[in-house]
Each structure stands twice: as structure tokens, then as C-alpha cells.
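Undergrad: everything below, folded, please.
(one chain, ligands or ions: 1)
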Amino acid sequence: MPVHRQSLTKSPDKIDAVAPAKHIVPVSDLFRVNEQIVACNLCTRLREHCTTVAAVRRRAYREQEYWGKPVPSFGDPEARIMIVGLAPGAHGSNRTGRPFTGDGSGDFLYPVLHRAGLASQPGAVSRDDGMQLHDTWITSVVRCAPPGNRPLPDEIARCAPFLDAEIAACHRLRVFVCLGKIGFDGVVAHLLRTGQIPRRGPLVFGHGVEYAIPGGRWLLASYHPSLQNTNTGRLTAPMMLEVFRRARQLAQGK
Ligand code: SF4
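TA: Reported below is the predicted structural model:
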């Protein structure tokens with residue numbers, strides 16, 4: 001597994017600087033950010049797609065009421081580990097209203113988190129299944145399910161202030177674990193946008209990469225647990241478990 005250790009320290013006074021979001025008020029609480037996420041309606045294409053999917057529904061879920069709104073983040077507000085994914089799945093999070101819940105990606109991710117000691121149970125099926133995360137917060141670069149799982153660049157940019165606000169509100173944050181290149185690029189864009197790094201430099205996505213970033217934080221990455229990756233064996237549970245075990249070590253300052 002490739003591991004790249006890079007120090008990207010810039011002046012310390014820039015570490016906590018976060019560009020003010022244009023469409024949300026400054027907040028210091030992760031749950032208030034979640035309230036703003038759920039109420040957001042800025043991306044017409046994505047909102048129409050989510051509501052259409054929620055109205056039509058997949059045959060297997062025809063009796064269920066889909067969430068159909070932007071999906072709020074989930075986890076421990078005192079988390080030192082932030083998992084950054086891509087976007088909700090149309091019949092997963094867009095149905096259940098919780099990240100990685102109710103689809104194949106979540107069926108792969110949560111058992112790994114459970115084995116790593118970061119989730120209270122391996123199964124994630126609904127918002128009220130009793131799942132609790134330990135020291136972990138799950139977010140994504142886009143909060144509305146995109147057609148074909150492919151958000152457009154302007155949609156990612158429009159949603160980015162929520163990520164900025166979450167990172168600012170996550171006071172104990174020490175480790176990012178990015179699932180997939182788009183999640184990784186979203187965190188790198190945050191570091192650039194907030195002046196924490198002057199350029200992208202050596203920050204290149206890859207499974208198992210590990211970078212020291214300003215503020216005493218770490219940037220880790222894994223392949224995304226999409227069915228395309230897990231069904232083909234490109235990403236296995238032991239591969240992902242190793243990333244989360246390393247994240248725990250780094251979060252604990254080891
Ligand atoms: S993707 Fe983000 S910015 Fe766009 S409508 Fe959803 S929550 Fe709002």
C-alpha cells in the first residue's frame with residue numbers, strides 16, 4: 001500500500017481561517033449546519049432529481065417514504081475523524097436520510113467502521129436503527145444525490161461552504177479520511193480555499209495515501225466503497241480497515 005508522508009505546513013495563523021460562506025450564516029455547531037443543509041435548494045438539477053427519485057421509487061422500496069431532501073451529515077460531534085464521501089445514493093441515503101445507509105456502499109463501509117471501533121454496530125438500514133459513531137463524523141462533498149453519481153463542478157462548488165462550515169465546527173478534528181478522489185479533491189479544495197496551503201503540490205489521491213497537513217491534521221484516503229470497486233475486488237474490507245485503523249492511531253496522536 002503506498003503511503004506518502006508530506007508536511008504541508010503554512011503559517012499557523014492561517015490554520016483556522018475559513019472563508020465566509022455566501023449562502024449560509026456562520027455557525028459553530030455541526031447540527032445547525034445540518035439544519036441548513038436539509039433546507040438547501042440551490043442546485044435545481046439535483047433537487048429535481050432527488051424529488052423525482054423519491055416520488056417514483058424503486059420497486060423494492062415502493063412502500064417506503066423516501067427522504068428526498070439534502071442528506072445531513074452524521075456522527076459524533078466531538079469527532080477527531082471526519083469521513084468525506086462523494087454524494088448520497090439515489091436509493092440509499094436519498095431514501096433513508098443518513099449517509100451510506102441503505103445501499104451497497106454502506107453495507108460495505110459500516111461493518112468496517114464497526115471492526116475499527118468507530119461504529120456501534122455493523123448494520124445500517126435506517127435513521128432509527130440505533131447506529132452511533134465513535135469519534136467519527138461522516139460528511140460528503142455534495143449532499144443531494146446526483147444523476148449517475150456524478151455531480152457537476154458547479155454543484156460541488158455550491159455545496160462546498162457546508163464542508164467549510166462543518167470543518168470549522170468540528171473542533172477536535174485531526175484526521176480526514178476521504179473516500180474516493182472527488183472526496184479527496186474536496187478536502188484539498190477546502191485547504192486551498194481557506195489559505196491553509198498555497199497550492200496543491202504533492203497532494204495526490206491514492207488508496208492508502210497519508211499526508212500531514214496544517215493544524216497538526218492528517219489527510220488519508222481510501223478507494224470509494226462503491227459496488228464497482230468492492231464487487232471487482234479493487235477495494236476489499238481488509239484494505240479499508242487498514243486505513244481506518246491508521247486513522248484511529250493518528251487521531252490518538254500515535
Ligand atoms: S448539493 Fe448542496 S448546495 Fe446543492 S442543493 Fe444540495 S445541499 Fe444545496
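
Undergrad: buried residues of the helix or strand encompassing residue 52, list them for me.
TA: Following DSSP states H and E, one finds residue 52 within helix 44-56. Neighbour counts over helix 44-56 (16 or more other C-beta atoms under 10 Å) mark 46-47, 49-50, 53-54 as buried. The C-beta positions use only the backbone N, C-alpha and C, and glycine is treated the same way.

Undergrad: which residues does the very next helix or strand once past that helix contact?
TA: As assigned by DSSP H and E, the chain's next helix or strand after helix 44-56 is strand 74-75. Where contact means C-beta atoms under 8 Å, 6 or more residues apart in numbering, the residues beyond strand 74-75 that reach it are 83, 98-99, 133, 136-138.

Undergrad: what does the helix holding residue 52 contact?
TA: Contacts to helix 44-56, defined as C-beta under 8 Å, 6+ apart, come from residues 41, 66-70, 88, 90-91, 94-95, 142, 144-147, 151-152, 155.

Undergrad: is that helix positioned near the ligand?
TA: Yes: Helix 44-56 reaches the ligand (C-beta under 6 Å from any ligand atom) through 46-47.

Undergrad: buried only: go through the contacts of helix 44-56 for me.
TA: For the contacts of helix 44-56, buried by 16+ other C-beta under 10 Å: 66-70, 88, 90-91, 94-95, 142, 144-146, 151, 155.

Undergrad: show me which of those neighbour the ligand.
TA: Answer for the buried ones among the contacts of helix 44-56 near the ligand (C-beta under 6 Å from any ligand atom): 70, 142, 144, 155.

Undergrad: take these and write them to a markdown table, including pLDDT and secondary structure.
TA: Listed next are those as a markdown table, based on pLDDT from 0 to 100; DSSP: H, G, I helix; E, B strand; the rest coil:
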| residue | pLDDT | secondary structure |
| --- | --- | --- |
| 70 | 98 | coil |
| 142 | 98 | coil |
| 144 | 98 | coil |
| 155 | 98 | helix |
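
Undergrad: hmm, who's touching stretch 236-250?
TA: By C-beta under 8 Å, 6+ apart, stretch 236-250 touches 1, 81, 108-109, 111-113, 115-118, 135, 174-175, 177, 207-208, 210, 218, 220-223, 225, 230.

Undergrad: restricted to helices, list those residues.
TA: 108-109, 111-113, 115, 230 (DSSP state H).

Undergrad: relative to the ligand, which of the residues you listed is nearest.
TA: If you rank these by distance to the ligand using C-beta to the nearest ligand atom, residue 109 comes first, at 20.6 Å.

Undergrad: pretty sure residue 102 sits against residue 126.
TA: Yes: Residue 102 is in contact with residue 126 according to C-beta atoms under 8 Å; the separation is 6.9 Å.

Undergrad: so what sits against both of these two?
TA: With C-beta under 8 Å, 6+ apart as the test, residue 102 and residue 126 both reach residue 96.

Undergrad: which of these two has more neighbours?
TA: residue 102 (25 against 15; other C-beta atoms under 10 Å).

Undergrad: how far away is the residue lying closest to that one once chain neighbours are set aside from the ligand?
TA: Closest residue in space to residue 102, ignoring its immediate chain neighbours: residue 96 at 4.0 Å, by C-beta to C-beta, 6 or more residues apart in numbering. According to C-beta to the nearest ligand atom, to the nearest Å, residue 96 stands 16 Å off from the ligand.

Undergrad: residue 91 too?
TA: From residue 91 to the ligand the distance is 17 Å (C-beta to the nearest ligand atom).
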